[in-house]
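Trainee: sequence below, structure please.
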Amino acid sequence: MSRWGDAGPPQEAYSRVTDPGRFASLHEIGRQAVADLITGFDVRWYRFTTADRHEAVLITPADPAAAPLTVEFTAFPGLVLRFGLTEAYLPVCGCDACDDSVPGLADELHGMLDYLTAGTFGDRLEFEDDAWWHVGWYRGSAGTGGSRSRLTADRFAELRGLIPDAGLDFAPWPVG
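Mentor: Numbers count the residues shown, from 1 in each chain. Reported below is the predicted structural model:
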């Protein structure tokens, strides 16, 4: 249930961010997760600065069939994860209406990293409702899920060259 109760948040809460600092500890949680991946798996990694001047880390597993991971530490503060052909934003929004909490986002981060390192996720293209969609899927002991986004013609053409008809499944990360 939402902290706002049955009525939901007031309309003005959707366009207001009064405390972006409430997510600042996500950076430390993200840094610890990166350190755990680097020490626990057979990977190469390097730090770099994005075009937006954000700190980022690229981690590439030794097995080329396993998906690399980029973790970007945004100024909001928050995290952007890129793995396979999927992007995940933590938090997705951060406005006052959102119910995101740091513990909840940390659980989401660790869940995604578990799917990534176990190789239990992938990407596929689906045609539905007269449109092409990118589906990033995962499966694990807690069930299955994923994300789905409608594609522009340009993005479809880009992904069509990367995702085979049967979809793209990734291998587990090799343990270090």
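Trainee: mind listing the strands for the protein?
Mentor: 43-49, 55-61, 69-74, 78-83, 86-90, 121-128, 131-140, 143-150, 168-169 (DSSP state E).
Trainee: chain center to the first one: distance?
Mentor: Offset of strand 43-49 from its chain centre (CA atoms, centre = their mean, to the nearest Å): 17 Å.
Trainee: got it, and the longest one?
Mentor: From the chain centre to the centre of strand 131-140 is a distance of 13 Å (CA atoms, centre = their mean).
Trainee: roughly how far does the residue nearest the centre of the chain sit from Asp6?
Mentor: Against the mean C-alpha coordinate of the chain, by CA atoms, centre = their mean, the closest residue is Ala88 at 2.5 Å. Separation of Ala88 from Asp6 (CB to CB, to the nearest Å): 29 Å. Every residue, glycine included, has its C-beta placed from N, CA and C.
Trainee: contact partners of the least confident helix or strand in the chain by mean pLDDT?
Mentor: The weakest-scoring helix or strand in the chain, judged by mean pLDDT, DSSP states H and E, is strand 143-150 (a mean of 81). Strand 143-150 is contacted from outside by 86, 88, 121, 126, 131-138, using CB atoms under 8 Å, 6 or more residues apart in numbering.
Trainee: Gly140 reaches Leu116, doesn't it?
Mentor: No - using CB atoms under 8 Å, Gly140 is not in contact with Leu116; the gap is 10.8 Å.
Trainee: neighbour count: those two, which is higher?
Mentor: Neighbours were counted for Gly140 and for Leu116 using other CB atoms under 10 Å; Leu116 has more, 25 against 13.
Trainee: quick one: contacts for the more buried one?
Mentor: 67, 69, 83, 170, 173 are the contacts of Leu116 under CB under 8 Å, 6+ apart.
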